[in-house]
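[1] just coords:
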């Protein structure tokens, strides 16, 4: 009897510790949002909320890709640079007069290639994900410079209208990027819960040795996660360039930090094995509302990095505390 | 015909003779206790049978046919299952997910492949009932006792109707009551006609469930006797080298 009660309590504690981080963050986002709506007329305008949604959606899309890598126990520091390279490649192809689909395929192709290289280096050569993707960060950013010759690209050929409309447009008042984010979120959630790929990601992050012994194609699954992460960076890049109407090689600089922060805040375990698509999205949303609130409160924007850094450290600390309690 | 037979199997790692000219055969439904001190060659032997690396010389035969395994999956495809000491389970997945790891049952949803959660839970429930284990398929492994984890690892071997199951120190780190559970699981495997190799340091376990005991010492087989013709004292002597047999 006692044992059963003890086990039930243990199970409840464990369930709480896993499920609640995204739930807590959702509450935090709603609370901050509600307070801001009450005290700041500027916050509650449609335009401000529209912009907030758009700003965080770019990060959220990349955070979902990042999350799949972190679930396997890796990390992808190259997403910001891959975003920059994709933006430049797509921009240059369009500028050269090719139709939109060619530009998109070229851009996403380059992004996937970056992910493939990261994945092979990590999975086949057994190099540290931190070092590999740090290297890719440098390479991709440098290639963006090389290809663009440090010039801004702002003419996008015959399909310019369409390109700008997709990236900057909206549907029923919802920014297109938010719709893309929701679509990726829904598909990814289904894949994580109901496909072999999703199950293998979690298995790999929990016990790589066991995964290998049970015949899971460990290398292929790892590579696919890095490619998916790069792909999300590529998608975000193309939409962002369409929205901005111009691209420089600095696109996406330092985004990796916000992306990784979003996943961690959303309950993704940096040790691997735990994470949800919703968590990545809500983590990105929290960073955005905090950023926006600070801005509207008149805090010097130079301080933003400090706040983001502190929030990340707190999220990791929270995660550590919850782990200690549940184990 | 023996289900598993090793002939003249040797393995060297550089100058170290990990295994030296090992012969033995195992019949259906037979439980063999494999004993020996640390470094005697037990884990090398297990890893070789499990397909982690090929023997340096000698042959392994299953049902009379010589086999060459390049990777653990090859061995598994031929009906050899291993329950590793660390159990090779994923803590963040459910018991059912672990049982079916790498062999998920699939169904389709609107023409797309999808994990068949319902059928996997159902089958896992049957397997646990068969093993008389209280393990619940939807519980996460992280929440389980050592005995329940063993049941998950052993249920895994029942999926593929294994011919030979190798258990590496299954009772090393669990409570007395759980040891009894695990020994009962081994009897269930035997009753199902599975040949079992039990690697253990624990004399009482070996003498409770095994039909035969084989002792390795410094890579050589020093004894292979029916359990009724030996005693814990003799086996201890063989393991330590106090008794020289063969």
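    Cool, the structure landed. It should be emphasised that the depicted structure is a prediction, and the values quoted were computed from it without experimental measurement. Numbering: from 1, shown residues only, chains lettered A, B, ... in the order given.
[2] Residues of chain B that sit close to chain A?
    Applying C-beta under 8 Å from any C-beta of the partner chain, one finds that chain B approaches chain A through B:72-73, B:76, B:82, B:84, B:86-93, B:97, B:101-104, B:106, B:109, B:113-115, B:117, B:139-140, B:142-143, B:156. From N, CA and C alone the C-beta is placed, and that goes for glycine too.
[3] Show me where the chain dips below the pLDDT cut-off.
    No chain was given, so I picked chain A. Along chain A, the parts satisfying pLDDT under 70 run over A:1-20, A:322-327.
[4] meant chain B, my bad for not saying
    For chain B (pLDDT under 70), the answer is B:245-246.
[5] Please repeat the previous calculation with a cut-off of 80.
    For chain B, applying pLDDT under 80 flags the ranges B:15, B:85-87, B:131-132, B:160-161, B:171-178, B:244-246.
[6] circling back: ChimeraX command to pick out the buried ones of the residues of chain B next to chain A?
    The following ChimeraX line selects those of the residues of chain B next to chain A that are buried, judged by 16 or more other C-beta atoms under 10 Å in any protein chain shown:
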select /B:72,76,82,84,87,88,89,90,91,92,93,97,101,102,104,114,115,117,139,140,142,143,156
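[7] Mind checking which of the residues of chain B next to chain A are in strands?
    B:82, B:106, B:109, B:113, B:114, B:115 (DSSP state E).
[8] ok, what's across the strand from the third one?
    Spelled out, that is residue B:109. Bridge pairing for residue B:109 (DSSP bridges) gives the partners residue B:112.
[9] wouldn't it be in contact with residue A:194 here?
    Yes: counting by C-beta atoms under 8 Å, residue A:194 is a contact partner of residue B:109 at 7.4 Å.
[10] List the residues that contact the closest residue to residue B:155 other than its chain neighbours.
    Leaving aside its sequence neighbours, residue B:155 sits nearest to residue B:127 (C-beta to C-beta, 6 or more residues apart in numbering or on different chains; 4.2 Å). Residue B:127 sits next to B:99, B:155, B:158, B:159 when contact means C-beta atoms under 8 Å, 6 or more residues apart in numbering or on different chains.
[11] tell me the two of those residues that are most distant?
    For those, the farthest-apart pair by C-beta to C-beta is B:99 and B:158; their separation is 8.6 Å.
[12] neighbour count winner among the two?
    residue B:99 (27 against 22; other C-beta atoms under 10 Å in any protein chain shown).
[13] ok, now which ones touch the more buried one?
    Here residue B:99 is in contact with B:120, B:123, B:124, B:127, B:137, B:152, B:155, B:156, B:159 (C-beta under 8 Å, 6+ apart).
[14] out of these, who's nearest chain A?
    Nearest to chain A among the contacts of residue B:99 is residue B:156, at 8.0 Å by C-beta to the nearest C-beta.
[15] next one: whichever strand or helix holds residue B:165 to chain centre, how far?
    Using DSSP states H and E, residue B:165 sits within strand B:164-168. Centroid separation for strand B:164-168 versus its chain: 1 Å, with C-alpha atoms, centre = their mean, to the nearest Å.
[16] List the pairing partners of it within its sheet, with orientation.
    Pairing partners of strand B:164-168, with direction, according to DSSP bridges: strand B:80-83 (parallel), strand B:195-199 (parallel).
[17] Could you point out which of these sits nearest residue B:17?
    For those, proximity to residue B:17 was assessed by C-beta to C-beta; strand B:195-199 is nearest, at 19.5 Å.
[18] Name the next helix or strand following the closest one along the chain.
    By DSSP H and E, the next helix or strand past strand B:195-199 is helix B:203-209.
[19] The next helix or strand after that next one pairs with which strands, and in what direction?
    Counting by DSSP H and E, the next helix or strand C-terminal to helix B:203-209 is strand B:212-217. In the sheet, strand B:212-217 lines up against strand B:31-36 (parallel), strand B:220-226 (antiparallel) (DSSP bridges).
[20] Would you indicate which residues of the longest one are buried?
    So the one you mean is strand B:220-226. B:220, B:221, B:222, B:223, B:224, B:225.
[21] hmm, who's touching stretch A:295-312?
    A:36, A:40, A:42-43, A:257-258, A:260-261, A:264-265, A:286-287, A:290-291, A:294.
[22] try 7 Å this time
    A:36, A:40, A:42, A:43, A:258, A:261, A:264, A:265, A:287, A:290, A:291, A:294 (C-beta atoms under 7 Å, 6 or more residues apart in numbering or on different chains).
[23] from the residues you listed, which is closest to residue A:99?
    residue A:258 (32.5 Å).
[24] My guess is the closest one contacts residue A:56. True?
    No: counting by C-beta atoms under 7 Å, residue A:258 stays clear of residue A:56, with 9.3 Å between them.
[25] of the two, who's got more company?
    Just comparing residue A:258 and residue A:56: by other C-beta under 10 Å the higher neighbour count belongs to residue A:56, 28 against 23.
[26] residues in contact with the more buried one?
    A:284, A:285, A:288.
[27] A helix includes the last one, no?
    Put plainly, it is residue A:288. Yes: Residue A:288 forms part of a helix when assessed by DSSP: H, G, I helix; E, B strand; the rest coil.
[28] tell me, how many neighbours does it end up with?
    Residue A:288 has 23 neighbours, counted by other C-beta under 10 Å.
[29] Would you check how far apart residue A:28 and residue A:58 are?
    21 Å (C-beta to C-beta, to the nearest Å).
[30] Of these two, which one has the most company?
    residue A:58 (28 against 16).
[31] Just the element for that one, please.
    In this assignment (DSSP H and E), residue A:58 forms part of helix A:46-71.
[32] and that helix, which residues are buried?
    A:48-49, A:52-71.
[33] again with stretch A:220-238
    For stretch A:220-238, a neighbour-count test (16+ other C-beta under 10 Å) marks A:221-238 as buried.
[34] These in helices, which ones?
    If you go by DSSP state H, these have A:221-238 in helices.
[35] Give me the most central residue, chain A.
    Centroid-nearest residue in chain A: residue A:63, 1.4 Å away (criterion: C-alpha atoms, centre = their mean).
[36] Write out the residues of the stretch 51-200 of chain A neighbouring chain B.
    A:194, A:195, A:196, A:199 (C-beta under 7 Å from any C-beta of the partner chain).
[37] go again using 10 Å as the cut-off
    Residues of the stretch 51-200 of chain A lying close to chain B (C-beta under 10 Å from any C-beta of the partner chain) are A:71, A:190, A:191, A:193, A:194, A:195, A:196, A:198, A:199, A:200.
[38] tally of neighbours for residue B:111?
    Per other C-beta under 10 Å, the neighbour tally for residue B:111 reads 6.
[39] how much space between it and chain A?
    Separation of residue B:111 from chain A (C-beta to the nearest C-beta, to the nearest Å) stands at 14 Å.
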